[in-house]
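1. what follows is a predicted protein model with its sequence.
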Amino acid sequence: MAYKKTSLCQLDDLSCFGCCGYDYSTPREVREGIEKNTLEYQNCKTHKEFANRPRAGQRRWCGVCRNVVFIRDKKGILRAGCPLHPKLNRGKEMRKKQDCLINYLCKTAVSFDGWNKKKQERFLKFLRTKKLDIINYSLGMDSDKWLKEFEDLEF
């Protein structure tokens, strides 16, 4: 079996939007913000219309970017993501550079990429034991909470 590179941004059952905002408030308020974004997205006819709506790319009061929405993937799993991301637009970048840190990776993702495969598998197992939802997974990734907890267990 060939090794498949894992991205912490989009795991099989979890997605992360941690880098799509900052100074997050409560999980409930973040969820409400994403739900409002999702309604705005559903009311737009095209991705271009969504990208060009007033205050697109700015943060809501809860800290999340106004472009982060809930999307069901092909398997029916609810994910959080940006419909303007190139992976959802046949490679076309629709995010605006002034609003989005396009090349940013959180400390956890950078650390994970530098680990050997066995340590990566231990971290993924650690995450699964948490039974996280999208919101708490993302907020924990953004704050380095999951990395710190894992490193405490490792040492």
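-> Cool, got the structure.

2. what's in contact with the helix or strand bottoming out on mean pLDDT in the chain?
-> Between all helices and strands in the chain, the lowest mean by mean pLDDT, DSSP states H and E belongs to strand 78-81, at a mean of 91. For strand 78-81, the external contacting residues (CB atoms under 8 Å, 6 or more residues apart in numbering) are 10, 15-17, 34, 68-73, 88, 134-135, 138. Glycine gets a C-beta too; all of them are placed from N, C-alpha and C.

3. farthest-separated two in those residues?
-> Maximum pairwise distance among these (CB to CB): 20.0 Å, between Leu88 and Ile135.

4. neighbour count winner among those two?
-> Taking other CB atoms under 10 Å, Leu88 and Ile135 do not tie; Ile135 has more neighbours (19 against 14).

5. that one and Arg28, how far apart?
-> Counting by CB to CB, to the nearest Å, the gap from Ile135 to Arg28 is 8 Å.

6. for Lys75, same thing?
-> 26 Å.

7. run a quick neighbour tally on Asn52.
-> Based on other CB under 10 Å, the number of other residues close to Asn52 is 12.

8. great, nothing more from me.
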